[in-house]
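Novice: My questions are about this predicted structure, shown below with the sequence.
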Amino acid sequence: MPVLNRIAAYAPEMAEWRQHLHAHPELTFECHETAAFVAARLGEFGVDELHEGIAKTGIVAIINGRTPGPTIGLRADMDALPLTEITGLPYASQNPGKMHACGHDGHTTMLLGAARYLAETRNFAGRVALIFQPAEENGGGANVMVAEGIMDRFDISQVYGIHNTPGQAEGSFHTCPGPLMAAVDSFEVHVQGRGGHGAYPHETADPVVAAVGIVTALQTIVSRNHMPLDDLVVSVTQIHAGSADNIIPDTAWINGTVRTFRPEVRAMVRKRIAEIVAGQAAAYDVTARLDYHEGYPATVNDPARTEFAADVAREVAGAAAVNDAAGREMGAEDFSYMLEARPGAYLFLGQGPGAGLHHPAYNFNDAVAPVGASFFARLVERAQPLA
């Protein structure tokens, strides 16, 4: 079964929704206009319940099937990125410095398309909970929605999500059971030395040399403290110090990211960074403060739900277009919090060639929206069939 005929019939309207959302991007939890647009469409479709204001601007809509049964959750993120768009499209961002450069406008559209179809047909038992989430990019909106009780409040038994992937074949799917995306942490190191004239370094405690020593030593965590067959990234991405060629500054600042999959590896990295910072500071006669920030946990797919979701994807896209053993990735996703709360699966949907995610020239491919909407709809019908 390819794209559902009914969903294909309103693909032009879906493109209009997506392009409207693209032109009006909003950040983090401030998705007020986006949520209003979503709520208006859901009201037109005739959903049975509409719950707004969850995690500030999040929405959960309920559609009842024809007979009693469990509740399946489907999630789309709504927020944009703080980027200036360079596409030149007629529907380019009208909000300066904000852009849908990760395709959340498309994710929202796909879930709206599924919602319209499910509200019209209701060929399923139980209920579907449509989760429209703010603040995926920054703020952990999924965590806030879970903390505010959506899984228990709406009795959600399993949950699914999709993310688009530029550069992957249009309309194809890939995923894997178990860990799919990494946990993401960040760290800052504030080095306090004693500055002075560059010609008299012996009178100073140089924070630049200490910072360089810290950065170099941090590279040994991956190469010497961790099994090389396991996945781990420790990347220093910023180092700032100094103001002139003849001045040794008082301070230096280091920033970086950590990507892990297993909690014990995450704990080891945090411990080793703290030990390295303290040891290098002592070696260079400076003081250093580590600020370590744990971010999203690893996104871990339930194996049985992943197998089921991949089977549904094959039904929609064809067997050759689905890879359910694609391997894990070092990116991060706050859908991880929903998968910690309930079993489910997260899949990637190819959207063909084009600029990559988080690039100012990115644009979601409207042709794949009916594919994603059909996948969501068939998930519900297959997971909770009518007797």
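Specialist: Received the coordinates, thanks.

Novice: Run through the residues that contact residue 172.
Specialist: 317, 321, 322, 323, 349, 350 (Cβ atoms under 8 Å, 6 or more residues apart in numbering). C-betas here are computed from N, CA, C, even on glycine.

Novice: do that again at 7 Å, thanks
Specialist: The contact partners of residue 172, taken as Cβ atoms under 7 Å, 6 or more residues apart in numbering, are 317, 321, 322, 350.

Novice: of all those, which comes closest to residue 62?
Specialist: Using Cβ to Cβ, residue 317 comes nearest to residue 62 of the contacts of residue 172, at 27.8 Å.

Novice: residues touching the closest one, list them.
Specialist: Residue 317 makes contacts with 171, 172, 173, 371, as judged by Cβ under 7 Å, 6+ apart.

Novice: now do 6 Å
Specialist: Taking Cβ atoms under 6 Å, 6 or more residues apart in numbering, we find residue 317 in contact with 171, 173.

Novice: Would you mind giving the secondary structure of residue 252?
Specialist: strand (DSSP: H, G, I helix; E, B strand; the rest coil).

Novice: State the distance from it to residue 325.
Specialist: For residue 252, the distance to residue 325 equals 45 Å [Cβ to Cβ, to the nearest Å].

Novice: Of the two, give the one with the bigger neighbour count.
Specialist: For residue 252 versus residue 325, neighbours defined as other Cβ atoms under 10 Å are more numerous around residue 252 (25 against 10).

Novice: Now do that one, the pLDDT please.
Specialist: What the model reports as pLDDT for residue 252 is 98.

Novice: is it true that it touches residue 241?
Specialist: Yes. Between residue 252 and residue 241 a contact is recorded at 3.6 Å, counting by Cβ atoms under 6 Å.

Novice: Can you spell out which residues form a bridge with residue 192?
Specialist: residue 251, residue 287 (DSSP bridges).

Novice: How much space separates it from residue 213?
Specialist: In terms of Cβ to Cβ, residue 192 sits 15 Å off from residue 213.

Novice: And residue 109, by the same measure?
Specialist: Residue 109 is 50 Å from residue 213, by Cβ to Cβ.

Novice: Between these two, which has more neighbouring residues?
Specialist: Using other Cβ under 10 Å as the criterion, residue 109 and residue 213 rank with residue 109 on top: 30 against 18.
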